[in-house]
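1. Predicted model follows, preceded by the sequence.
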Number of protein chains: 2
Amino acid sequence: MATKKVAPRTLSGFMELLPAPQRQMERIMEILRETYSLYGFTPLDTPAIESSEVLLAKGGGETEKQIYRFQKGDADLSLRFDLTVPLAKYVALHYNDLTFPFRRYQIGKVYRGERAQRGRFREFYQADIDIIGDGKLSILNEAEIPAIIYKTFSALGLKRFRIRVNNRKILNGFYASLGLSGVAGDVMRTVDKLDKIGFEKVENLLTGELGIPAESAREILSFISIKGESQEILSQLENWRGRNETLDQGLEELNTVVKHLGNFGVPRENFAVDLTIARGLDYYTGTVYETMLLDHPEIGSVCSGGRYDNLAEYYTDKQLPGVGISIGLTRLFYVLGEQGLLNPDLPTAPADALILPMTEDLATAISLATELRENGIRTQLHCEEKKFKQKISYAGKLGIPYAIFLGEDEIREGVVACKDMSTGEQTKLDAKATISRIKTGLEARRKGAVIREHPETGDNSAQNG
Amino acid sequence: MATKKVAPRTLSGFMELLPAPQRQMERIMEILRETYSLYGFTPLDTPAIESSEVLLAKGGGETEKQIYRFQKGDADLSLRFDLTVPLAKYVALHYNDLTFPFRRYQIGKVYRGERAQRGRFREFYQADIDIIGDGKLSILNEAEIPAIIYKTFSALGLKRFRIRVNNRKILNGFYASLGLSGVAGDVMRTVDKLDKIGFEKVENLLTGELGIPAESAREILSFISIKGESQEILSQLENWRGRNETLDQGLEELNTVVKHLGNFGVPRENFAVDLTIARGLDYYTGTVYETMLLDHPEIGSVCSGGRYDNLAEYYTDKQLPGVGISIGLTRLFYVLGEQGLLNPDLPTAPADALILPMTEDLATAISLATELRENGIRTQLHCEEKKFKQKISYAGKLGIPYAIFLGEDEIREGVVACKDMSTGEQTKLDAKATISRIKTGLEARRKGAVIREHPETGDNSAQNG
């Protein structure tokens, strides 16, 4: 039967992992689910397709061209491009059934038809958490976010990362105090280039292109040059207190966030106040967050977000302030893989034990498989017509840690031959003792985190203490 | 700021759950992942979008009209309508990187633009497992599938279900022995109506519409009327042995499947040979499976599948036989909810403990939250400006089992006031003792399965033993 063939391919910009890296990805997702749950967030799942009218209610924006939008029958449909707009819809739609503050996490695929390039994805997972208040939301929620970021990345195995925090009220208040509210966006975009083009060029742009008085430009540059430990920055900021109400409020908030870090369990070295961080210009209104991997600044922020005042203004009159952060999981995973940071020692095999029956009658082998599984050992029976050597190499290729042989001798003696595939050590014990040996071995193998920083820069805590 | 509003809505035919049922859904997915892993299946994830050329390589078919297909730039794209075609593509594409037999599970959303109606979904989760061989695949894999189905539904809490099994070789061989291979499909579709239209009408259709000789029609009816315990059916089938090679091979296979059930841990009452089961007419070539809930036959099969000979014939010349089963998870979840079978006693709260600070200084409350979380207790701090009564009612509404009060007295005494929200019992213990109390309480609450059959029909095992 010669069927006409189509060359199999996966669309470019769509991540499709082989089994071993997929296991690593699943492990990362498990850790995110566990960590988010610890902080009282409930899992949510919303459709990948929404009515275009609803999804694009905000309209315009740079992303609109990237949206997968299509007609099905009479319906104008779009694939979601983030998890925030669907959350806004969800909260507005189900407002009466929800209890506020509403804390949810969502790990789901989103779609953006960007120009495909290395490390850029058109389908990618975002992992978001948000806390939504009804009318009001305490600053304590903003203070808690760094703890969640810290716990998440620590659980993944990272030590050398820093959560950078700023407060938009400080920036907005500062620019307002200079009479520059109208051009604050342009100023921030210009100032954002500081690292790239340097002090002088920024100053020229501010006074030239934006027409800002020289004195104000110098004040802007001196303001955003405030550097140092978080406490030092807060102290220096006191010099600006009293000029503008919004700025003062931002100072209060930032002080509150910093004050509670210790009680929230965030070490000093994983946190920094950074006045250059602005994030989405229109959207955020209070604390904003970025998270940098210290040894890989080129990646940019791996977890970002902030406080906003009005989640669902396109759907409801209800004032729904919130604070949220997002991890671009697919991109992060890709980068971790590229950088060799995924711990290769963690098991990625589909099974813990492979049973190789060596008799015609399979009854004993099957019963053993059933017993192992009842004891939580992931077990595969290998009953294919293959040579013994091929079956052993199957276990080796997949990295299955234990191979179990059941021949006539073993069955007669009521024992099980079990080989540790990494050490070669072979035991002949009864089923119960074999199960216990495997469980102990698996426990030892499960140690270690998903992400492994380079020993010379991170893992040796004595060196970095 | 009066923004123009768009009425928030979710597309019809798209499931969007409130937080409590979503927790139940997540729990079901966790159980599926755990169970599939126990049997040596590795998790897989493939894009929701594929090139139409690839996805529709098989072409035609009834589903084609239902497919979400659209243009993006120059690309002709489609959303996947099942997980089998993407698996075929995956295996063909990554053939050289895979080790066979290849066992994978995939739980993912698929899309079919069917006419929307109650209980039918356009976006729904399928939970699939497949075992793919390279060239050959042992019958033992087919024999193992009922064990996986049994374990899965048992883990979900069901007792009153039955896995129905047949073998397509028996059917095909039987029809061939009557010289009816050419009309076997029509015959099976007609015979399928037996339950609905009765014996006589089926006989008339066979002899009339299909022009089958009366004797053959009677033989067909007598064949598919073979009923009884699995062993009885197998015994009766021996009467047909020797007429046709394919039929004989099917008999061997079915005998092998039945023989090993006990060793695979499948109780007799959860299994039945059923000669009326055919499943997808062109696709399956060996053992086929259906799973019925005994108290809800109207739902139809909740887990189906079978053996096929050629997974990826549209993509590769490689012969890739396999066996797989699929659960229509979204529909199953919907039906379980409708039937009231989802255990309402399992916790669905976003947190295990809600901390209510009652002092200005929040340091102690935050440290306590951090300590609880470090001990694996899902904890939320409630620092909103609300009345005490409202905060308590927040815990009640969400079903958070423990509320913790921290007032000046407690802080001075170094204790924590902790209220069990269901019993009202309140303790004043130090943090360590409180954590221990909460953990014990949570353990007790976690008992019980996701699905709860009605006590009068299922849960009382003494009655049904």
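-> Great, that's in hand. Numbering: from 1, shown residues only, chains lettered A, B, ... in the order given.
2. The strand or helix carrying residue A:153 and chain B in contact?
-> Counting by DSSP states H and E, the element that carries residue A:153 is helix A:139-156. Yes - using Cβ under 8 Å from any Cβ of the partner chain, we find that helix A:139-156 touches chain B at A:140, A:141, A:144, A:147, A:151. All C-beta spots, glycine's among them, are computed from the backbone N, C-alpha and C.
3. Quick one: mean pLDDT for that helix?
-> Helix A:139-156 shows a mean pLDDT of 98.
4. now stretch A:11-29
-> Here the average pLDDT along stretch A:11-29 is 97.
5. Just the CA atoms of it, as CSV, please.
-> Extracted C-alpha coordinates of stretch A:11-29, given in CSV (Å, rounded to 0.1, in the frame of the first residue of the first chain):
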residue,chain,number,x,y,z
LEU,A,11,6.1,25.0,12.0
SER,A,12,9.0,27.3,12.6
GLY,A,13,8.7,29.3,15.8
PHE,A,14,6.8,26.4,17.5
MET,A,15,8.7,24.5,20.3
GLU,A,16,8.4,20.8,20.1
LEU,A,17,10.7,19.0,22.5
LEU,A,18,12.1,15.5,22.5
PRO,A,19,11.1,13.3,25.4
ALA,A,20,14.1,14.0,27.7
PRO,A,21,13.9,17.9,27.6
GLN,A,22,10.1,17.6,27.7
ARG,A,23,10.5,15.9,31.1
GLN,A,24,12.6,18.8,32.3
MET,A,25,10.0,21.2,31.1
GLU,A,26,7.3,19.3,32.9
ARG,A,27,9.4,19.4,36.1
ILE,A,28,9.7,23.2,35.8
MET,A,29,5.9,23.5,35.4
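6. Spell out which residues of the stretch 301-450 of chain A are next to chain B.
-> Residues of the stretch 301-450 of chain A lying near chain B (Cβ under 8 Å from any Cβ): A:312-317, A:350-351, A:354, A:362-363, A:366-367, A:369-370, A:373-374, A:376-381, A:383-385, A:394, A:397-398.
7. just the buried members of those?
-> A:312-316, A:350-351, A:354, A:362, A:366-367, A:369-370, A:373, A:377-381, A:383-384, A:394, A:398 (16 or more other Cβ atoms under 10 Å in any protein chain shown).
8. Quick check: helices, which of those are part of them?
-> A:366, A:367, A:369, A:370, A:373, A:394, A:398 (DSSP state H).
9. For the residue in the stretch 51-200 of chain A that chain B sits nearest to, give its distance to residue A:122.
-> Going by Cβ to the nearest Cβ, chain B is nearest to residue A:70 of the stretch 51-200 of chain A, at 3.3 Å. For residue A:70, the distance to residue A:122 equals 15 Å [Cβ to Cβ, to the nearest Å].
10. And the two? Which one has more around it.
-> Under the criterion of other Cβ atoms under 10 Å in any protein chain shown, the comparison of residue A:70 against residue A:122 puts residue A:122 first, with 23 against 19.
11. Spatially central residue for chain A, please.
-> residue A:327 (3.5 Å; Cα atoms, centre = their mean).
12. Now do it, the pLDDT please.
-> pLDDT at residue A:327 comes out at 98.
13. How about residue A:118?
-> 83.
14. Remind me what the helix holding residue A:153 packs against, helices and strands.
-> helix A:19-38, strand A:161-167, helix A:245-259, strand A:284-293, strand A:322-328 (3 or more Cβ pairs under 8 Å, 6 or more residues apart in numbering or on different chains; DSSP states H and E).
15. quick one, what contacts the closest residue in space to the residue nearest to the centre of chain A that isn't next to it in sequence?
-> In space, and not counting its chain neighbours, residue A:327 is closest to residue A:127: 4.4 Å by Cβ to Cβ, 6 or more residues apart in numbering or on different chains. Going by Cβ atoms under 8 Å, 6 or more residues apart in numbering or on different chains, residue A:127 touches A:29, A:32, A:105, A:106, A:107, A:326, A:327, A:329.
16. Those: which two are farthest apart?
-> A:29 and A:326 (14.6 Å; Cβ to Cβ).
17. Who has more neighbours out of those two?
-> More neighbours surround residue A:326 than the other of residue A:29 and residue A:326, with 20 against 17 (other Cβ under 10 Å).
18. Run a quick check on that one versus residue A:125, I expect a contact.
-> No - using Cβ atoms under 8 Å, residue A:326 is not in contact with residue A:125, being 10.5 Å away.
19. Tabulate the ones in helices among the buried ones among the residues of the stretch 301-450 of chain A next to chain B (a markdown table), appending pLDDT.
-> Listed next are those as a markdown table, based on pLDDT from 0 to 100:
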| residue | pLDDT |
| --- | --- |
| A:366 | 98 |
| A:367 | 97 |
| A:369 | 98 |
| A:370 | 97 |
| A:373 | 98 |
| A:394 | 97 |
| A:398 | 97 |
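20. Distance to residue B:157 for these - can I get that in JSON lines?
-> Below are these laid out as JSON lines (distance: Cβ to Cβ, whole Å):
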{"residue": "A:366", "distance to residue B:157": "25"}
{"residue": "A:367", "distance to residue B:157": "25"}
{"residue": "A:369", "distance to residue B:157": "24"}
{"residue": "A:370", "distance to residue B:157": "20"}
{"residue": "A:373", "distance to residue B:157": "18"}
{"residue": "A:394", "distance to residue B:157": "35"}
{"residue": "A:398", "distance to residue B:157": "32"}
